[in-house]
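1. Please work out how this folds:
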Amino acid sequence: MHEHFIDIPGRATGTIHRLTWFSFGDGNDGPHVYVQGGLHADEGPGMLVARLLVDRLIEEDRAGKIRGRVTVVPAANPLALGQFLHGDQQGRFDHYDGRNFNRDYPDLTAQAIAQLKDALTKDPQSNTARIRQALLQALETIAPSAPSDRLRHALMRLALPADVVIDLHCDGEAELHLYTQPASLESILPLAALARCRAVLVADVSGGEPFDEALTRPWGAIAEAFPDKPVSQGCVSCTLELRGRMDVDRKVAGADAKSLVDYLRHIGVIAGKPILPALSCEATPLAGSEALVAPVSGLVSYTVSLGHHVRQGEVVAEITDPVTGDLHPVAAGTSGVFYARPATRIAEINKRLGKIAGTRPFRSGPLLSP
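-> Numbers count the residues shown, from 1 in each chain. Next up, the predicted model:
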């Protein structure tokens, strides 16, 4: 195990933010997997799971069982770890410009394609290495200045060499679920099974250039640009949502870390083969996931529990006007698993009240919440 540091200059004179990451193995005998937690720095479950994963990997390393390479960034956003407002941590958006820390990652596709002209061969393995190098070179042509963009640059530089990228997040309150892309789905489904995800949401483009898609999407575009050359999907990724913000529990996180270790065994990064359980859900299109919206403001109470399979037209929540006493039911517009909801019970008009994983696509445009 090796511990590494990247210092990111802050906006003010004399300020520095330190990004810490850990590496295991050398990648010569197996895949390279990148795992990070806390990109949204107010989401504790992923940071705890990533830290406990490091502890598990130290044991596996001592036992000589690591066959591939693992990179773990337990707290991926040192900038936002220090953002507080009136005693509450604000880790999703940059206080300076309001941007979501999991959006606006650079699209390296065009520059990589330009570099790869006449460079690819008939050997798919050689092509994977050349594409990965071209993507890294394209990233290095970008000279970020804002601390948040320097952070994006640093995280992409760490993740671009990886075959598998797992970004750990959480919702307000939620069942364990994940987001991935069609090109990644087959490789990621074993992780969904081991983690016992209750929803697997799939989209080619979810909008906003989130971290995981910025790493995987160039591969498909490069394959389309060079149809006469064998180009495999050199990077698969997912965003694994570890329940809700309050679910910071060492016992639960330990079980989640074990699921990640079992996945690493399954794909050959660590010696041994786990028993792969059956999936707890089917994969569904992110475009079929309904975001329930409050039609009025008021106090929210839920009539169904998380994990409940709701039917179209079934009342999921009720909003009470605290002044008039008026009661407004909120019904599901689609059928599926009720997998996430906010932690607060006070709603403004148009507040998102929950998410239902439906099977029928009906949305277009940006599919992720802001």
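2. Let's see stretch 138-158 as PDB, backbone CA atoms only.
-> The C-alpha trace of stretch 138-158 is given here as PDB (Å, rounded to 0.1, in the frame of the first residue of the first chain):
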ATOM      1  CA  ALA A 138      -5.900  15.500 -23.900                       C
ATOM      2  CA  LEU A 139      -6.500  16.100 -20.200                       C
ATOM      3  CA  GLU A 140      -3.100  17.600 -19.800                       C
ATOM      4  CA  THR A 141      -3.800  20.200 -22.500                       C
ATOM      5  CA  ILE A 142      -6.300  21.700 -20.100                       C
ATOM      6  CA  ALA A 143      -4.900  24.200 -17.600                       C
ATOM      7  CA  PRO A 144      -7.500  24.700 -14.900                       C
ATOM      8  CA  SER A 145      -7.300  27.700 -12.600                       C
ATOM      9  CA  ALA A 146     -10.300  27.600 -10.300                       C
ATOM     10  CA  PRO A 147      -9.700  25.200  -7.300                       C
ATOM     11  CA  SER A 148     -12.800  23.200  -8.200                       C
ATOM     12  CA  ASP A 149     -11.600  22.700 -11.700                       C
ATOM     13  CA  ARG A 150      -8.100  21.800 -10.500                       C
ATOM     14  CA  LEU A 151      -9.900  19.100  -8.300                       C
ATOM     15  CA  ARG A 152     -11.800  17.800 -11.300                       C
ATOM     16  CA  HIS A 153      -8.500  17.600 -13.300                       C
ATOM     17  CA  ALA A 154      -6.700  15.800 -10.500                       C
ATOM     18  CA  LEU A 155      -9.500  13.200 -10.000                       C
ATOM     19  CA  MET A 156      -9.800  12.500 -13.700                       C
ATOM     20  CA  ARG A 157      -6.000  12.100 -14.000                       C
ATOM     21  CA  LEU A 158      -6.200   9.400 -11.200                       C
END
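3. Check which residues of that stretch are buried.
-> For stretch 138-158, burial by neighbour count (16 or more other CB atoms under 10 Å) applies to 138-139, 147-156, 158. (Glycine included, C-beta is placed from N, CA and C.)
4. swap in stretch 116-125?
-> Applying 16+ other CB under 10 Å to stretch 116-125 flags Leu116, Leu120 as buried.
5. what do you get for stretch 14-32?
-> His17, Leu19, Trp21, Phe22, Ser23, Phe24, Gly25, Gly27, Gly30, Pro31, His32.
6. In those, find the pair that's most separated.
-> Put simply, by CB to CB the two of the buried residues of stretch 14-32 set farthest apart are His17 and Gly30, 32.3 Å from each other.
7. Among the buried residues of stretch 138-158, which are located in strands?
-> Judged by DSSP state E, strands contain none of the buried residues of stretch 138-158.
8. Could you pull up the mean pLDDT of the helix or strand containing Ala50?
-> Using DSSP states H and E, Ala50 falls within helix 44-62. For helix 44-62, mean pLDDT rounds to 98.
9. now the helices: where do they sit in the protein?
-> All helices of the chain, identified by DSSP state H, fall at 44-62, 78-81, 109-116, 124-140, 147-159, 182-195, 211-225, 250-266.
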